[in-house]
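Student: Okay, predicted coordinates and the sequence, questions at the end:
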Amino acid sequence: MLFEQVQRVILAKKYFGVRCTLTNIAKFNYLVTQLEGATSCATAGLLITKDNYQAAVDILIKRFGEPQQIIASHMDELLKILVCSSERPSQLR
């Protein structure tokens, strides 16, 4: 699940038309079950406590909540790729 989807569900004031009354521990538990890959690794060192829920959200927003920053990072990596200087397929490997 994308972080934006998780964020909408957890941080929303309403959940399926009912006011969300989940504790921070319950929110953190749900968040952890929905994260995968890089987002999961970003919060892997945090114990599930009420105080760490906000820390986890802050980490995720900082690392994955800035689309322009993500785009810039991808562009930087693309620019590091070496240009192919040969037209022979055998030298492409």
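Tutor: Yes, it's here.
Student: Confidence-wise, which helix or strand of the chain is lowest on average?
Tutor: Averaged element by element with mean pLDDT, DSSP states H and E, the chain has its least confident helix or strand at strand 14-15 (a mean of 48).
Student: Which helix or which strand is home to residue 40?
Tutor: If you go by DSSP states H and E, residue 40 is part of helix 38-43.
Student: Can you point out the buried residues in the host helix or strand of residue 32?
Tutor: With elements taken from DSSP H and E, the one containing residue 32 is helix 24-34. Of the residues in helix 24-34, those with enough neighbours to count as buried (16 or more other C-beta atoms under 10 Å) are 24, 27-28, 31-32, 34. Heads up, the C-betas are built off the backbone N, CA and C, glycines and all.
Student: Let's have those residues in a markdown table, adding distance to residue 84.
Tutor: Written out in a markdown table, the entries for these read as follows (distance: C-beta to C-beta, whole Å):
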| residue | distance to residue 84 |
| --- | --- |
| 24 | 51 |
| 27 | 48 |
| 28 | 47 |
| 31 | 43 |
| 32 | 43 |
| 34 | 40 |
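Student: from those, which single one is nearest residue 48?
Tutor: residue 28 (5.0 Å; C-beta to C-beta).
Student: Can you tell me the closest non-neighbouring residue to that closest one?
Tutor: For residue 28, the nearest residue in space outside its immediate sequence neighbours is residue 53; the separation is 3.9 Å by C-beta to C-beta, 6 or more residues apart in numbering.
Student: pLDDT score assigned to that neighbour?
Tutor: We note a pLDDT of 89 for residue 53 in this prediction.
Student: quick one: contacts for it?
Tutor: With C-beta atoms under 8 Å, 6 or more residues apart in numbering as the criterion, the residues that contact residue 53 are 24-25, 27-28, 31.
Student: Now it: which helix or strand?
Tutor: Here residue 53 sits within helix 50-64, counting by DSSP H and E.
Student: buried set for that helix?
Tutor: Neighbour counts using 16+ other C-beta under 10 Å place 52-53, 56-57, 59-60, 63-64 of helix 50-64 among the buried residues.
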